[in-house]
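**Student:** need a 3D model of the following:
(2 chains)
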Amino acid sequence: MAREVFERRLTVLLAVIAGLFLVLAVRLWQIQIVQGEYFLRLAEENRLRITSVAPPRGLIKDRRGRPLTLNRPAFTVSILPTELRHPEQVIPEVARKLGMPASEIVAKLDAAGDRPFEPVRLRRDVPKEAIAALEEDRMDLPGVLVQVEPVRDYLYGPLAAHLLGYLGEINDRDLSALRTQGYEAGELIGKDGIERIYDRYVKGRHGQIQAEVDAQGRPLRVIAKIPPTSGDTLNLGIDLDVQKAAEDALGSRVGAVVAMDPNDGTIVALASHPAFDPNLFATGITTTAWTRLLRDPLQPLLDRATQGGYPMGSVFKIVTATAALELGLVNTDTRFYCPGFYNLGGHIFHDHEAHGNINFLEGIAQSCNVVFWTLARPVGPDNLAKFARMYGLGQTTGVDLVQESGGVIPDPSWKARVWKESWYAGDTLNSAVGQGFTLATPIQVARLIAAVANGGRLVTPHLVTQITTPQGQVVRRVAPPATGEVRLRPQTLAVLRTGLAAVVTRGTAASIQIPGLAVAGKTGTAENPHGKPHAWFAGYAPTDSPRLVVVALVENVGFGAEFAAPIVQRVLQVAFDIRPAPHP
Amino acid sequence: MSALAGPPLPQPGGPARLFRNVDILLLLSTLGLIGFGLVMVYSSTHVSARPFLYLRSQALHLAVGLVVGGMILAVDYRAFASSARILYIVNALLLAAVLVPHIGRSSLGAQRWISIGPLGQFQPSEIAKFVIIITLAKHLTDRPGPYQSVWDLGPFLGHVAIPMLLIFRQPDLGTALVYGAIFIGMLYAGGARRRDLATLGAAGVVLVPILWRFLKEYQRRRLLAFVHPSLDPLGSGYGIIQSKIAVGSGLEWGKGLFAGTQGVLRFVPEHHTDFIFSVIGEELGFVGSVVLLGLFLLWVYRGLRIAAVARDRFGALAAVGIVSMVSFHVFVNVGMTVGIMPITGIPLPFISYGGSALMAMVWATALLLSIGMRHQRVGIGFDASPAPARLIRSMRGPERLEE
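**Tutor:** Numbering: from 1, shown residues only, chains lettered A, B, ... in the order given. Below is the predicted model:
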């Protein structure tokens, strides 16, 4: 290429670049010199105010479309740091009107730090009287904003509190991770339960208002407005009536109830008592209320249905029976003799009564400990642990809740590791009847009994069945697949089902028969070091084509048949819409 | 004779005389810009609990940049030409690595960084621009033309398209566009026909609707906000409005150094990085802004002069590439803060806070100086002699190279 051409082209490039820079200079002259005064005024008066508009949170509905939560409008008082003048006067005045310490306001403003153009929320759900007082002194309170924001309203208070969860202000760590997903400082985010798991669906999208304001911060004119988008609706498998029945039946006792469809794992009721009122959290919980919840010895924040590990008592006999049947050690008619005790090398294990001469099926029905102690040693601790794990014990179920407990399935290597002790024959006997080290959550037990009811599938329990837009369009269907299968021979299943049915027809839970509904199940009375035994009942109905599994656990009360079985009976009556027989 | 050719320059002798050939005006304007940048980075970040945090980081990167820049200066620039192939491959691998989860770090929705332990994070796309200038210059030297049709430009288009697409995927629309500017500048200077370049430009415009589908939501919003600010005055439009207010309120002389941050600047997003010019506009006013533009224009003029006197086609085209890159950065960045260009996240060269970008600019300048001081008075008609094969040989000094 010719040198002259190259140099000519370089000159053209220089001219083009100089021209572009000239464009910039002209533009600078235009906005700095020609329009400079205008921009200076805008800068000094800081007349543009951007506020974000909180969206209504998506509703939560039960399986028949009845809302469990709504949103109600409430007043939120915030401070816009950039418009705050004379903070030494304004802050104490606002604090007095809101009834909160001034130091708390200062702390909130400090925490806002580097984003002074975003309003810092001081208090949500401020009563009308306080708002009226604030509006009166509007002129003396520059930088104080009153906005109407939707507040979560849990219609039934503490009902289903553990599964719904609660809200809390987003913390800095979450915020830095989630800011790009549309989360803002000071906003409420699900902290527990489905509010947390499905937060990104129910949160909705913020809207914004850009307004020109005067020197006192009063809006003169709205320049632009983007309306907020409501969050999506969570449709639950929960049946409000069944949930109510479960909580009523549990009453004031400490415990948990799980009702679940054994075929697909849809949870119909999930109760834990004591509970808390999520409404306390809906506007940001006060420190005193939070401390009281945390310090309560009964731990109301603990979801006993999914986070509480309990010894299973005789409910575990389902596992022992499965192992003995699969290993070919017994069949329905295998005969046992129960003198009311079992002698293990001179150490006497006492049964609750002497059942005399009974077969294996009756052993299940009467929950005879001697039968299962006799089987314990030939089955052995490793087989017990193996079959327990096959039923999904010792592992989380994958329910759509947070911090689910996995429970404990002991075996000799576990004991050596955790207790630094060797495994004794007595440990095997204890394990076989669900005493000792085994710990399971009510939801694990529900999945176990569901596997017996549905032919061996380990379903994944889930609360949400469908997520829809506020207009009802389906966003996502939630139908998690089964996580595994307990491979059982048909004979084994048949014996287990007949045995569990016999528990209710003539065995330990004969008192809970429901006319018109064939129920099968197993009682459990779990000894524990904390006082009276925990009462268990795990059952399903109807026996021929099971549609509902119900598990009840009551802490430290006594016999499963006496305290847990009636809860299951009550839940089943409501779920299958059967009126209780009138009292004689 | 062209305005850029200038009077004859003394012939270089030994290494000492070689350094005497450094383009003093380019060096001074560069140092001026860097000093300007350090002051403005401090001015826009000092109102915080740790006022020197950003300044120190910037100075640290500058020091590293200067050391490496000195090495670039000491080496004959043609050594880069001979290692172009390796540079190109390593560069592409680094850009690809950014996109790999666990290696690339994301921030603000884009994945642009690679963590390098205690040195913090490093943004390969900033260095990549510099590397592509070198490799494209070499490529243009190997295929010197004449370019008779648009198809003759195909290989060069492919050369730039690969890193461009990788950066576009991060996604970093602005940096991807810088490649466009580098490509046009270097091909134009390298002898491509105007009508062919125009054809490529038209093809690029046709591609816009297709590329639109690959843009992230926030990028679309930014572009729409530029075309029609009232469409999104709250999100992207907000930054533009606030930046204009900041710049405009500076009037003739500005509010004074360090005096702007209390006012409006906390409203301007990214005011120490992409929007640093709005700090300059507010604090130093029209006069300060135009002085800064003047410094850049001096830098550009000296850079193009080096292209004009370079001893070979590689050096000349690399110089044009570097000048194109810096000019495009300046125009788009300043244009963005005064509301005549869309928000694309391109930093202001030498000024914006950001270690990788500053280092890349220092190295680019070092390469320019190196090309300039190794020019020859005679034989400017593009030396066709091969570049030294290995780095070692080039270290022996320029005398051998002139044989």
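**Student:** going by C-alpha atoms from here, please, whenever you check contacts or count neighbours.
**Tutor:** Fine.
**Student:** ends of stretch A:505-515, what's the gap?
**Tutor:** 11 Å (C-alpha to C-alpha, to the nearest Å).
**Student:** go through that stretch and flag the buried ones.
**Tutor:** A:505, A:507-510, A:512-514 (16 or more other C-alpha atoms under 10 Å in any protein chain shown).
**Student:** what's the answer for stretch A:181-191, then?
**Tutor:** The neighbour-count check on stretch A:181-191 (16+ other C-alpha under 10 Å) flags A:183-191 as buried.
**Student:** stretch A:84-93 too?
**Tutor:** Within stretch A:84-93, judged by 16+ other C-alpha under 10 Å, the buried ones are A:84-85, A:90-93.
**Student:** residues touching A:Q366, list them.
**Tutor:** Contact partners of A:Q366, counting by C-alpha atoms under 8 Å, 6 or more residues apart in numbering or on different chains, are A:503, A:507-508.
**Student:** let me know the pLDDT of it.
**Tutor:** What the model reports as pLDDT for A:Q366 is 93.
**Student:** just to revisit the earlier point, just the buried residues of stretch A:84-93: which has the poorest pLDDT?
**Tutor:** Comparing those by pLDDT, A:R85 comes last, at 74.
**Student:** tell me if the longest helix belonging to chain B is near chain A.
**Tutor:** Determined from DSSP state H, the single longest helix within chain B is helix B:276-309. Yes - using C-alpha under 8 Å from any C-alpha of the partner chain, helix B:276-309 comes into contact with chain A via B:285-286, B:289-290, B:293, B:297, B:300-301, B:304, B:307-308.
**Student:** where does pLDDT dip in chain B?
**Tutor:** B:1-18, B:48-49, B:102-121, B:171, B:217-219, B:221-238, B:260-267, B:269, B:376-403 (pLDDT under 70).
**Student:** in strands, which of the buried residues of stretch A:181-191 fall?
**Tutor:** Among these, DSSP state E puts A:188-190 in strands.
**Student:** Serialize the residues you listed to a markdown table and add fields for pLDDT and distance to chain B.
**Tutor:** Shown next, in a markdown table, are those (pLDDT from 0 to 100; distance: C-alpha to the nearest C-alpha, whole Å):
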| residue | pLDDT | distance to chain B |
| --- | --- | --- |
| A:L188 | 87 | 21 |
| A:I189 | 91 | 20 |
| A:G190 | 92 | 23 |
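**Student:** closest to B:I182 out of these?
**Tutor:** A:I189 (46.8 Å; C-alpha to C-alpha).
**Student:** if I read this right, that closest one contacts A:Y198, doesn't it?
**Tutor:** No - if you go by C-alpha atoms under 8 Å, A:I189 and A:Y198 don't touch, sitting 10.3 Å apart.
**Student:** show me the contacts for A:T287.
**Tutor:** A:T287 touches nothing, counting by C-alpha under 8 Å, 6+ apart.
**Student:** state the distance from the residue of the stretch 51-200 of chain B found nearest chain A to B:V320.
**Tutor:** Taking C-alpha to the nearest C-alpha, chain A has its nearest neighbour within the stretch 51-200 of chain B at B:A189, 5.8 Å off. Applying C-alpha to C-alpha, the value for B:A189 to B:V320 is 7 Å.
**Student:** comparing these two, which residue is more hemmed in?
**Tutor:** B:V320 (30 against 24; other C-alpha atoms under 10 Å in any protein chain shown).
**Student:** what helix or strand does the more buried one sit in?
**Tutor:** helix B:313-337 (DSSP states H and E).
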